[in-house]
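> predicted model, plus sequence, below.
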Amino acid sequence: MNEKMKLGNWLALLGLSFATFIFNTSEFVPIGLLTDIKNDFGLTEASVGMLISLYAWAVMILSLPLMLLVSKMEMKRLMLWLLGIFTVFQFMSYLSTSFVMLICARIGVACAHAVFWSVISPIAVRIVPDRYRSIALSMVVTGSSIAMILGMPLGRVIGLHVGWRMTFFSIGVFSALTFLYIAWRLPKVPSGGGFSPKKLPELLRHKGIMGLYLFTLLISSAIYVAYSYIEPFLKQVSLMPDDWVTTALMVFGGAGLLGSIAFSKYYNRNRKLFITVNVAAMALCLLLLYPVSSGFLPVIVLLAVWGATATAYNVAMQSNMILVTTPESTPVAMSIFSGIFNLGIGSGAFFGGTICSDLSISYIGLAGGVFALIGVVYWVARLGNRLEPKNTLDKYL
């Protein structure tokens, strides 16, 4: 119980943080490049938005079957395979000469993504002493947050100056370097024995887990109805110049660090209250996005609060899944969570694109706010009532 973290533990976690950085950067960098990709291929915002939707839906469909297929594989070996596949398809994105080729490359990346987010958190908590698990999770989340602070905005800057294809090339190079670092520093991590598909119905019979999945679908949809089109929104509605747009996106990502800190400090004190306040604040930010859009500073403040709540929500759900599952079932439960989250991303991006085409891009925040409000009502009226403030989730499951 008193075992301390060794230098090797920290270095291995650093490698996993690098990996989350590049995967998160790759997932959302098309949002920052949406206008350039649209102009290059002569498409509309809604058409390019399908790049986000198809990617997310591919992850949704592939997460569970691919995780079941590789659930017996030693996890370091699996991580290296994922990084290798990820790298190859980043370079294919760079070489894309048509929108169809770019979509195919992104679906290839989605295959690696589908498994990566199912195993990264379980690996992180298993390579450290038990009492450092929350730190391990925080480091993984920090990699994601830094991707939002630096990765996506930097990718956008590269795209603006030397073309969007060079952004994907740069991600591929960084991924190859991360592959080498992981091969050097990550210890072997046993698979946990694999997970039989026959156990899946038993896992899904837990009403609490199914409730968390439904809640995740609502909140991820709420976030990505608006966030998928935030770059053109800031340019067309708020009339921000490119440097302000980049700053706004960095603020959104940077606020994720605050969300991670808030989670580690307050979540275990009162889980129901934390989630209630978090999602209610997210709903308010989305509803206010258009009303405050004429002022650069109010928009950036709103993006900061929104970014913090999005990260806090995500890490809370991952923590819950690890808490209530066994080592062999955690990757599968996480793969379903990842699939549900990406269903929300894809559906949100699709719905947001429909709003942009049929109504106005001005309304994406309002639509996201409605989804978030439904989530708040569901949490307060039903799901949150099963969760006693200072108890762990496994008590109510």
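That came through fine.

> out of everything not next to it in sequence, what's closest to Ala281?
Once its chain neighbours are removed from consideration, Ala281 has its nearest residue in Thr309; the separation is 5.2 Å (CB to CB, 6 or more residues apart in numbering). For glycine as for every other residue, the C-beta is placed from the backbone atoms N, C-alpha and C.

> equivalent analysis for Gly32, please.
Arg156 is the one closest to Gly32 (CB to CB, 6+ apart), at 3.5 Å.

> report the buried residues of the host helix or strand of Gly307.
Element membership of Gly307 [criterion: DSSP states H and E] is helix 296-324. Along helix 296-324, these residues count as buried under the neighbour rule (16 or more other CB atoms under 10 Å): 296, 299-322, 324.

> now do that helix: which elements does it pack against?
Helix 296-324 makes packing contacts with helix 99-126, helix 133-146, helix 207-227, helix 242-266, helix 271-288, helix 330-358 when contacts are defined by 3 or more CB pairs under 8 Å, 6 or more residues apart in numbering; DSSP states H and E.

> got these as a markdown table, with distance to Ser170 and mean pLDDT columns?
Conversion of the helices and strands packed on helix 296-324 to a markdown table gives the following (distance: least, CB to CB, whole Å; pLDDT from 0 to 100):
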| stretch | distance to Ser170 | mean pLDDT |
| --- | --- | --- |
| helix 99-126 | 14 | 90 |
| helix 133-146 | 15 | 76 |
| helix 207-227 | 22 | 87 |
| helix 242-266 | 16 | 83 |
| helix 271-288 | 31 | 92 |
| helix 330-358 | 23 | 84 |
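
> now the helix holding Gly307, how far from the centre of its chain.
10 Å (CA atoms, centre = their mean, to the nearest Å).

> quick one: mean pLDDT for that helix?
For helix 296-324, the mean pLDDT works out to 85.

> same question, stretch 62-76
Taken as a whole, stretch 62-76 carries a mean pLDDT of 87.

> other residues contacting that stretch?
Contacts made with stretch 62-76 from outside it, assessed by CB atoms under 8 Å, 6 or more residues apart in numbering, are listed as 78, 81, 110-111, 114-115, 117-119, 122-123, 126, 182, 186-195, 197, 328, 331-332, 335-336, 338-339, 342.

> same check on stretch 80-98?
Outside stretch 80-98, the residues that touch it by CB under 8 Å, 6+ apart are 19, 22-23, 26, 41, 73, 101-102, 104-106, 108-109, 111-113, 115-116, 165-166, 168-169, 171-172, 175-176, 178-179, 182-183.

> can you rerun that using 6 Å?
Where contact means CB atoms under 6 Å, 6 or more residues apart in numbering, the residues beyond stretch 80-98 that reach it are 102, 105, 108-109, 112, 115-116, 165, 168-169, 171-172, 175-176, 179, 183.

> biggest separation within the residues you listed, which pair?
Taking every pair in the contacts of stretch 80-98 and measuring CB to CB, the maximum separation is 29.0 Å, between Leu102 and Ala183.

> more neighbours: which of the two?
More neighbours sit around Leu102 than around the other of Leu102 and Ala183, counting by other CB atoms under 10 Å; the figures are 24 against 14.

> so how far is Thr44 from that one?
Computed as CB to CB, to the nearest Å, the Leu102 to Thr44 distance reads 16 Å.

> what of Ala226?
Applying CB to CB, the value for Ala226 to Thr44 is 18 Å.

> likewise for Leu11?
When CB to CB is the yardstick, Leu11 and Thr44 sit 46 Å from each other.

> now do the buried residues in the strand or helix carrying Gly369.
Assigning secondary structure by DSSP H and E places Gly369 in helix 364-381. Applying a neighbour-count criterion of 16+ other CB under 10 Å, the buried positions in helix 364-381 are 364-373, 375-376, 378-379.

> run the angle between the longest helix belonging to the chain and helix 207-227 for me.
In the chain, with assignment by DSSP state H, the single longest helix is helix 7-41. Using axes from the mean of the first three to the mean of the last three CA atoms, to 10 degrees, the direction of helix 7-41 lies 50 degrees away from that of helix 207-227.

> and helix 7-41, how far from the chain's centre?
Helix 7-41 has its C-alpha centroid displaced from the chain centroid by 10 Å (CA atoms, centre = their mean).

> what about it, average pLDDT?
If you average the pLDDT over helix 7-41, you get 87.

> who does that helix touch, helix- and strand-wise?
Contacts defined by 3 or more CB pairs under 6 Å, 6 or more residues apart in numbering; DSSP states H and E place helix 7-41 against helix 45-70, helix 99-126, helix 133-146, helix 152-162, helix 164-185, helix 230-236.

> tilt between it and helix 164-185?
The directions of helix 7-41 and helix 164-185 differ by 160 degrees, with the same axes, to 10 degrees as the criterion.

> tell me the buried residues in helix 7-41?
Burial within helix 7-41, assessed by neighbour count using 16+ other CB under 10 Å, is assigned to 9, 12-13, 15-38, 40.
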